[in-house]
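Structure for this input, please:
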Amino acid sequence: MREQLSQAVLKILKSVDGLGLVTRDPQNIEDLARTNFPCVIVNATSEVREFIAGGGPDYIMSKITYELALWTQSPFVDTKRNNLFDSIETAFNADRKLGGLASDLVIREIRVEPQGSAPYSQSTLLLEVDYCFKRA
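This next block holds a predicted model:
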């Protein structure tokens, strides 16, 4: 289920106009071509689970957090960043259940990192995805 969720998150991000590279693989930002920017590196960071017992099979309610590292390049970093925040949020709001895999999702936090190494700027969006599955 985790892999299906990760693929669904990636698919939505790849549909966002204006993004270059969208990947789950670590990248050396300085080695990327300008055409890859702005880029997003997706990483599942944590998961909190709650066991739900009752009447039939046991189910697990889970909340998985994805860190979406958004990298932009000069010029107009702040404007690019703000426009992308809006576009990314709009894309996730259009499919809050990730095609039926999740019960809900929300961008819980947006962090703009302190001055990085020019010409690059990093922001981080924390995406929380709630889902339920049957305990094995």
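
residues near residue 62, how many?
Neighbours of residue 62 under the rule other C-beta atoms under 10 Å: 19. No exception for glycine: its C-beta is placed from N, CA and C like everyone else's.

Could I get the buried residue list for the helix or strand harbouring it?
Assigned by DSSP states H and E, residue 62 falls within strand 59-73. Residues 62-73 are the ones in strand 59-73 that count as buried (16 or more other C-beta atoms under 10 Å).

and of the residues you listed, the nearest to residue 50?
Nearest to residue 50 among those, counting by C-beta to C-beta, is residue 62 at 7.5 Å.

That closest one is in contact with residue 49, isn't it?
Yes. Using C-beta atoms under 8 Å, residue 62 makes contact with residue 49 at a distance of 4.8 Å.

what comes into contact with the helix or strand hosting residue 50?
Assigned by DSSP H and E, residue 50 belongs to strand 39-52. Outside strand 39-52, the residues that touch it by C-beta atoms under 8 Å, 6 or more residues apart in numbering are 2, 6, 9-10, 13, 19-27, 29, 32, 58-71, 88, 132, 135.

mind listing the strands for the chain?
Along the chain, counting by DSSP state E, strands occupy 22-23, 39-52, 59-73, 104-112, 120-134.

isn't residue 32 right next to residue 21, touching?
Yes. Here residue 32 reaches residue 21: they are 6.6 Å apart, a contact under C-beta under 8 Å.

can you pull up the bridge partners for the residue lying closest to residue 109 once chain neighbours are set aside?
Counting by C-beta to C-beta, 6 or more residues apart in numbering, residue 109 lies nearest to residue 126, which is 4.2 Å off, once chain neighbours are set aside. Listed beta-bridge partners, residue 126: residue 67, residue 109 (assigned using DSSP bridges).
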